[in-house]
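Visitor: Coordinates only, no sequence provided:
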């Protein structure tokens, strides 16, 4: 248990297989000093609730670390800038961030890296000065989703993809992975519709697709809230079973939809590990231990497929992580 009174500071509200960790930062921190570290999300989806449990667990295990969990409610780069600036003003030793727009946030990350250790998690910014990335290989996850799409629509046809923002590296990589997996098939992608991380707009995009493209065979959601939005639109259109759904992550509605047979399958990440590994390894890195950093500067947490065969077992496990 902690010797210090400071536990996890949850400034704003936000699966488990351990992997290796990351390191790097020329800091003299440690030696009895309480290290201040922070974990910054890229939106307020329920996905981050599980990551928060990982942050809490690592915070509990590290007696000389104070971890702060910060959610960016509107999912914008501008808000992330404000959050990072605030954390740096507080004097944090390390920050793990999921950049909304990696290409255009390189300057933000580079500037922050001059004042604190910076990891990326969930979405990478490989051209930046970040020490390393902890999260999914989104290109591989996209290929995994592509195989599920091929299973769902074996006779081929047209499909639509949905995501919050295409600026995010994880979105770009998932789209590319899906395209690679669908190459040579009779399945064609109509377009990729974005919603700026707006649940209402996400559902409207799906509903509009069902009306505008009555022959569409499958709708594919790339971010966690897209699955429930698509499912609601398909149900309201009376097309459950006629239009297949493949999605990402483990929203309650998504898992219920799989159990009911309305969603073919979902590709799930392990956000618990994002949070747990980020806090543990940032603390290790700040203390000067660089032995865990791989040459690629990427710590990959594998993805899993949840379908009707394993959804009950998975749901029980994920609810335990959520504290239910």
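Guide: Happy to help now that I have it. This is a predicted model, so every value here is computed, not measured. Residues are numbered from 1 along each chain as shown.
Visitor: tell me what the helix or strand harbouring residue 159 is packed against?
Guide: Assigned by DSSP states H and E, residue 159 belongs to strand 157-163. Packed against strand 157-163, as judged by 3 or more CB pairs under 8 Å, 6 or more residues apart in numbering; DSSP states H and E, are the following elements: helix 169-182, strand 187-194, helix 199-212, strand 218-221, helix 226-236. The way it works is simple: take the backbone N, C-alpha and C, and place the C-beta from them, glycine included.
Visitor: Give me the contacts around that strand.
Guide: Strand 157-163 is contacted from outside by 149, 153, 171, 174-175, 178, 186-195, 202, 205-206, 209, 213, 215-223, 226, 229-230, using CB atoms under 8 Å, 6 or more residues apart in numbering.
Visitor: Got a quick ChimeraX command for the buried subset of the residues you listed?
Guide: Buried subset of the contacts of strand 157-163, written as a ChimeraX selection, criterion 16 or more other CB atoms under 10 Å:
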select :149,153,171,174,175,178,187,189,192,193,194,195,202,205,206,209,213,216,217,218,219,220,221,222,223,226,229,230
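Visitor: quick revisit: would you mind saying which of the helices and strands packed on strand 157-163 lies nearest residue 296?
Guide: helix 169-182 (14.6 Å; CB to CB).
Visitor: Specify the angle between the closest one and strand 187-194 in degrees.
Guide: Per axes from the mean of the first three to the mean of the last three CA atoms, to 10 degrees, the angle that helix 169-182 makes with strand 187-194 is 170 degrees.
Visitor: And the helices in the protein, which stretches?
Guide: Counting by DSSP state H, the chain has helices at residues 47-61, 77-90, 106-113, 138-152, 169-182, 199-212, 226-236, 252-260, 271-286, 311-321.
Visitor: Identify each buried residue in the fourth one, please.
Guide: Of the residues in helix 138-152, those buried under the neighbour-count criterion (16+ other CB under 10 Å) are 138-150, 152.
Visitor: where in the protein is pLDDT low?
Guide: Applying pLDDT under 70 to the chain flags the ranges 1-32.
Visitor: center of it, which residue is that?
Guide: The residue lying closest to the centre of the chain (CA atoms, centre = their mean) is residue 122, at 4.4 Å.
Visitor: how much space between residue 201 and residue 208?
Guide: Distance of residue 201 to residue 208, given as CB to CB, to the nearest Å: 10 Å.
Visitor: neighbour count winner among these two?
Guide: Higher neighbour count among residue 201 and residue 208: residue 201, with 16 against 13, using other CB atoms under 10 Å.
Visitor: With adjacent residues omitted, what lies nearest to the more buried one?
Guide: Once flanking residues are discounted, residue 201 sits nearest to residue 195: 4.1 Å by CB to CB, 6 or more residues apart in numbering.
Visitor: could you dump the buried residues of helix 138-152 to a markdown table with distance to residue 304?
Guide: A markdown table is the format used below for those (distance: CB to CB, whole Å):
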| residue | distance to residue 304 |
| --- | --- |
| 138 | 14 |
| 139 | 16 |
| 140 | 12 |
| 141 | 10 |
| 142 | 15 |
| 143 | 14 |
| 144 | 9 |
| 145 | 12 |
| 146 | 16 |
| 147 | 13 |
| 148 | 12 |
| 149 | 17 |
| 150 | 18 |
| 152 | 17 |
